[in-house]
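# Build me a model from this:
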Amino acid sequence: MKVVKKILVVLLIVLVIMQFFAPKKNQGDLASLNAFTVETNMPKNVQSIFENTCYDCHSDYTRYPWYDRITPLNYWLADHIEEGKEHFNASSWDRYTIKKKDHKLEELIEEVEKKNMPLESYTYTHAEAKLSDEEIKAVVAWAKTVRAGYNLVSN
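Next comes the predicted model:
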């Protein structure tokens, strides 16, 4: 029993010390999203969907939840955001080629239609981010329209 108590005390001390360290926050400028929304002629309803559902993990600007102040959860969130930005980063839109933009939108359509996005782990804590069938249709229709424009340009 003494060994278990000692282990628990050491773990508690380590957890307390860990609270003084945190990963770098993803708090870029909201203006970085302008190129994406303007170039893709994003309607207000789709823009609202992206603001509530996508940008936290797929842009340089994240609205952090209260539990981000707790280590190790903040490291898990940071990793999750970094991975999301590797797949699609709306803040980097102006640096993508037409071909890459088209491909990113193709992937976006696929992931949204299959209901893989937003991730279930995200919607657990952000219930408002769960997409309705109508929201899915709106995002997919918008993305297909944008892709059609890119295909005209690239041909």
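
# Show me which helix runs longest in the protein.
Across the chain, the longest stretch assigned as helix under DSSP state H is helix 133-154.

# List the buried residues for that helix?
For helix 133-154, a neighbour-count test (16 or more other C-beta atoms under 10 Å) marks E135, I136, A138, V139, V140, W142, A143, V146, R147, G149, Y150 as buried. Placement of C-beta: from N, CA and C, glycine included.

# of those, closest to M42?
W142 (6.7 Å; C-beta to C-beta).

# OK, contacts around the nearest residue to that closest one once chain neighbours are set aside?
Distance criterion C-beta to C-beta, 6 or more residues apart in numbering; nearest residue to W142, sequence neighbours excluded, is V46 at 4.7 Å. Applying C-beta atoms under 8 Å, 6 or more residues apart in numbering, we find V46 in contact with A138, V139, W142.

# Check which helix or strand V46 maps to.
In the assignment (DSSP states H and E), V46 maps to helix 44-53.

# Following element in sequence after that helix, please.
Next element after helix 44-53 (DSSP H and E): helix 55-58.

# Contacts for stretch 131-149 next, please.
Outside stretch 131-149, the residues touching it (C-beta under 8 Å, 6+ apart) are 40-43, 45-46, 49, 53, 102, 105-106, 108-109, 112-113, 115, 118.

# Counting only helices, which of these make the cut?
The members of those that map onto helices under DSSP H are N45, V46, I49, T53, D102, L105, E106, L108, I109, V112, E113.

# I'd like to know which of those is nearest to K5.
Set against K5, the nearest of these by C-beta to C-beta is T53 (45.6 Å).

# nearest spatial neighbour of the most centrally placed residue in the chain, skipping sequence neighbours?
When the chain is reduced to its mean C-alpha position, the nearest residue by C-alpha atoms, centre = their mean turns out to be C57, at 1.7 Å. Spatial nearest neighbour of C57, chain neighbours left out: G84 (3.3 Å); criterion: C-beta to C-beta, 6+ apart.

# The one you found belongs to a helix?
Yes: counting by DSSP: H, G, I helix; E, B strand; the rest coil, G84 is part of a helix.
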